[in-house]
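Participant: Got a predicted structure here, sequence first:
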Amino acid sequence: LTSLHLLSVVARTGKPLAELASVMTRLPQILVNVKDVDRAKASVPELSAAVAAVELELGETGRVLIRPSGTEPMIRVMVEASSAEQAERMAGHLADVVRTACV
C-alpha cells in the first residue's frame, strides 16, 4: 500500500523519486537493546522523565523511541540526533535508566 501511495505522488507531481526523497534529512541513529529487564515496565515514571529530558535537549533535531520487545525480555532504546556522538551518549544514558528502573 505504501508503494502505491508513493507511486501516486510520483505520477501526480511528475518528479523523480530521487527528487522527492531529497527533502528528507537522514540523521545518525543508535539502537540499544537492553536485555533481561521487565518489558512491562517500559513506561515507569523514571524512564518517562529521562525520555522527556532527552527530547527537550534534542528539540526538533532528533527523536527518541523506547519500546518493549514483542518476543524477548528486553526494551529497545532508539535515539536519532544531529550527530552520532550525541545519539550514542543519549542512547547510553537512557539504556542505563532502563537497566535501573525496569528490573
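Facilitator: Nice, I can see it.

Participant: Quick check: next helix or strand after the lowest-mean-pLDDT helix or strand in the chain?
Facilitator: Here the helix or strand of the chain ranked lowest by mean pLDDT, DSSP states H and E is helix 17-21, holding a mean of 88. Under the assignment DSSP states H and E, the closest C-terminal helix or strand after helix 17-21 is strand 29-35.

Participant: Can you tell me the strand partners of that next one and which way each runs?
Facilitator: Applying DSSP bridges to the sheet, strand 29-35 is found paired with strand 74-80 (antiparallel).

Participant: R67 belongs to a strand, doesn't it?
Facilitator: Yes. Using DSSP: H, G, I helix; E, B strand; the rest coil, the assignment for R67 is a strand.

Participant: Look up how far L4 lies from it.
Facilitator: Distance of R67 to L4, given as Cβ to Cβ, to the nearest Å: 28 Å. From N, CA and C alone the C-beta is placed, and that goes for glycine too.

Participant: Check V54 too.
Facilitator: Distance, V54 to L4, by Cβ to Cβ: 36 Å.

Participant: ok, back up a step: comparing R67 and L4, which shows the higher neighbour count?
Facilitator: Using other Cβ atoms under 10 Å as the criterion, R67 and L4 rank with R67 on top: 12 against 7.

Participant: what are the phi and psi values for the residue of the chain most remote from its centre?
Facilitator: Largest separation from the mean C-alpha position in the chain: G14, at 32.2 Å (Cα atoms, centre = their mean). With angles defined as degrees, to the nearest 10, G14 sits at phi 80, psi 10.

Participant: buried ones in stretch 69-86?
Facilitator: The neighbour-count check on stretch 69-86 (16 or more other Cβ atoms under 10 Å) flags M74, I75, R76, V77, M78, V79, E80, A81, Q86 as buried.

Participant: meant to ask about stretch 46-63, not that
Facilitator: Quick answer for stretch 46-63 (16+ other Cβ under 10 Å): L47, A50, V51, V54, L58, G62.

Participant: What lies in contact with the helix or strand where the fourth one lies?
Facilitator: Okay, so that is V54. Using DSSP H and E, V54 sits within helix 45-58. By Cβ atoms under 8 Å, 6 or more residues apart in numbering, the residues outside helix 45-58 that reach it are 41, 63-64, 66, 79, 81, 86, 90, 93-94, 97-98, 100-102.
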